[in-house]
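# model the following, please.
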Amino acid sequence: MGTERTSPATTGPEREMLRGFLDFHRATLAMKCEGLSDEQLRRRSSPPSTLTLLGLVRHMAEVERTWFRRVIGGEDIPLVWSAEGDFQAAYESADASVSGAFEAWQAEVGHSRRIERAARSLDLTVYAERWQENVSLRLVMLHVLLEYGRHNGHADFLREAIDGTVGA
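Prediction:
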């Protein structure tokens, strides 16, 4: 069974549109990985880059966790794959568990959705210690959306190099 991906609305309230576009891009990354073997998900398919589809999934789990749980939610938790705070560790996927990566990513997406829905408005503002500035939920949703957009572009090239699949 394939990943369900709903096209985001082209009109409507800002928050609903941001949710729709985030979910669209989350589903796009899942689709880019769909039907591939563990070996293919770990394949460095665009040398000399060491980037893999599995590394992207792990990275996006860290992005979701950092921006929604750690920043907006104020949770004092480590990164998923690095207790030392090394954001690059997520990309190191040669020996990573494929099922563990996808489970972690989906769990973080679930947390992100819960935190976003619990916020009164996009104007919710928190102090982000790491960046030493205030950030709004609006900025966080836009930032995460941009992360997905950029990395889904990488996923396009990676998938095409693996098996020729393009589009979607």
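# which stretch of helix or strand covers Glu4?
For Glu4, there is no helix or strand it lies in under DSSP states H and E.
# and the gap between it and Asn134?
36 Å (C-beta to C-beta, to the nearest Å). All C-beta spots, glycine's among them, are computed from the backbone N, C-alpha and C.
# beta partners for Thr133?
Heads up, residue 133 is Glu, not Thr. In this entry, Glu133 is beta-bridged to Ala128, by DSSP bridges.
# look up the pLDDT of it for me, please.
Per-residue pLDDT puts Glu133 at 94.
# look up how far Val126 lies from it.
10 Å.
# when the two are compared, which one has more neighbours?
Val126 (15 against 9; other C-beta atoms under 10 Å).
# list the contacts of that one.
71-72, 74, 134-135 (C-beta atoms under 8 Å, 6 or more residues apart in numbering).
# surely it is in a strand?
Yes - assigned with DSSP: H, G, I helix; E, B strand; the rest coil, Val126 falls within a strand.
# which ones are touching the residue lying closest to Ala94 once chain neighbours are set aside?
Nearest residue to Ala94, sequence neighbours excluded (C-beta to C-beta, 6 or more residues apart in numbering): Arg42, at 6.2 Å. When contacts are counted by C-beta under 8 Å, 6+ apart, Arg42 touches 52, 54, 93-94, 96, 98.
# filter those down to the ones in helices?
54, 98 (DSSP state H).
# out of the contacts of Arg42, who's nearest Arg15?
Proximity of the contacts of Arg42 to Arg15, judged by C-beta to C-beta, is greatest for Leu54, which lies at 31.5 Å.
# close enough to count as contact, that closest one and Val98?
Yes - using C-beta atoms under 8 Å, Leu54 makes contact with Val98 at a distance of 6.2 Å.
# that older thread, can you say which of the contacts of Val126 are buried?
Buried members of the contacts of Val126, counted by 16 or more other C-beta atoms under 10 Å: 71-72, 135.
# re the thing from before, same list, the contacts of Arg42, but as a markdown table with neighbour count, distance to Arg150 and pLDDT please.
Below are the contacts of Arg42 laid out as a markdown table (neighbours: other C-beta atoms under 10 Å; distance: C-beta to C-beta, whole Å; pLDDT from 0 to 100):
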| residue | neighbour count | distance to Arg150 | pLDDT |
| --- | --- | --- | --- |
| Thr52 | 25 | 16 | 96 |
| Leu54 | 26 | 17 | 97 |
| Ser93 | 25 | 18 | 85 |
| Ala94 | 10 | 23 | 83 |
| Ala96 | 21 | 21 | 91 |
| Val98 | 19 | 23 | 97 |
